[in-house]
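In: Model the structure of this input:
(4 chains)
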2 protein chains.
Amino acid sequence: MSDPDAQLAALASASTGQLLLRAARLLDERALARLAEIPGAPPVRPAHTRLFPHLDFSGVRASVLAERLGVTKQAIHPLVTELVEWGLVEQVVDPADRRARLLRFRPDGLSAIAQGLAMLESVEREVERAVGTERMAVFREVLGAWIAALEPPP
Amino acid sequence: MSDPDAQLAALASASTGQLLLRAARLLDERALARLAEIPGAPPVRPAHTRLFPHLDFSGVRASVLAERLGVTKQAIHPLVTELVEWGLVEQVVDPADRRARLLRFRPDGLSAIAQGLAMLESVEREVERAVGTERMAVFREVLGAWIAALEPPP
DNA sequence: CCATATAGTCAAGCATGATTGACTATGCGC
DNA sequence: GCGCATAGTCAATCATGCTTGACTATATGG
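Out: Numbers count the residues shown, from 1 in each chain, chains lettered A, B, ... in the order given. You can find the predicted model right below:
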């Protein structure tokens, strides 16, 4: 462990960060692949899934979405358009400013991708079964710490 | 919690899987951004970092790399070429089969991206400080369970 | 020794997801 | 009411990271 080269190599090839990246990539691929093999499901792409954590039933503006993801609103626009076409979200005029529209999940639309989401959940349950409820809780908590450490570019 | 719509929305917007994806994306962006702002550092892209977990000092064939990542060897080739140009890895003829070449880290090359890797490590330490050594150990373990659950497409 | 398989290379093309720039429509403040 | 800011749209372009297909060089088995 005192060899700095070995340490570097370990960092490059198997640090916790690398494990995190690897797990996420596998999860992403699997969730999308699962969705892709369901006949009627909309062709959701990674770019759409990035929007999900920022959507809810109360409504968000497209420009806010863009800002949160750190991209331009032009980049968001086609994605939102597709989600609307697929019936996953709907747009309503923002009562506070009629130029703007609020985007929000449509419950009946969400059920269209329910199986894909259910896959996420099933992997989650599988892992939970393997490691136990308590450890899973710790995991979620530490994940929160990672996000907190990374979220605002200090 | 009995409202299935709310459950779906929660799954779409904040399940553990989503948190995992989010943390990984943030980490990836930060590590690459850090590297990008170091003057002499090679312009490593996400595609290269995917190779790292599969590289070491003992040597791997490019085709094995491709197989592990689930892409064609043509996709791997330009990435490897760049890593070699940047001095991060070197190629030696495989003594077992002279058609093949083994790829392996070059210690002095690794130090060129040491600062980027060090950033990974520093975030890791920051998180560890925040949550404690024990919880970090649990985290790593659960991460392993996720990877195990996802690794071989069942 | 020759046929066939295998490791890696080269080239062209494509989907994705971003960018910049120009535009429309609406709202808000003086 | 007018002027300017703002929310969203449209169009063109670009980098990235793949793909398929054709090729070269080396190995191995009959």
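
In: tell me the strands in chain A, going along the chain?
Out: Taking DSSP state E to define them, one finds strands in chain A at A:60-61, A:89-93, A:101-105.

In: The first one: partners in the sheet, and parallel or antiparallel?
Out: Here strand A:60-61 has these sheet partners by DSSP bridges: strand A:101-105 (antiparallel).

In: now check the partner strand, is it near DNA strand D?
Out: Yes. Judged by CB under 7 Å from any atom of the strand, strand A:101-105 and DNA strand D are in contact via A:Arg101. Every residue, glycine included, has its C-beta placed from N, CA and C.

In: In contact with whichever residue of chain A sits closest to chain B: list those residues for me.
Out: With CB to the nearest CB as the measure, A:Ala24 is the residue of chain A nearest to chain B, at 3.1 Å. Residues in contact with A:Ala24 (CB atoms under 8 Å, 6 or more residues apart in numbering or on different chains) are B:Leu20, B:Leu21, B:Ala23, B:Ala24, B:Arg25.

In: isn't A:His77 right up against A:Ala62?
Out: Yes. With contacts counted by CB atoms under 8 Å, A:His77 reaches A:Ala62, the gap being 6.7 Å.

In: Identify, by residue count, the longest helix of chain A.
Out: Ranked by residue count and defined by DSSP state H, the top helix of chain A is helix A:16-36.

In: Any stretches of chain A with poor pLDDT?
Out: Across chain A, the ranges flagged by pLDDT under 70 are A:1-5, A:13, A:152-154.

In: if you set the cut-off to 90 instead, what comes out?
Out: In the prediction, chain A carries residues with pLDDT under 90 at positions A:1-15, A:17-19, A:21-22, A:25-41, A:53, A:56-58, A:95-96, A:98, A:107-123, A:149-154.

In: need the helices for it, in chain order.
Out: Ranges of helices in chain A, per DSSP H, are A:4-14, A:16-36, A:46-49, A:62-69, A:73-85, A:107-110, A:114-131, A:133-150.

In: tell me the most buried of these?
Out: Neighbour counts (mean count of other CB atoms under 10 Å in any protein chain shown) averaged over each of the helices of chain A peak at helix A:16-36, with a mean of 20.

In: The residue of chain A found nearest DNA strand C and A:Arg129, how far apart?
Out: Distances between chain A and DNA strand C by CB to the nearest atom of the strand are smallest at A:Arg98, namely 2.0 Å. Separation of A:Arg98 from A:Arg129 (CB to CB, to the nearest Å): 50 Å.
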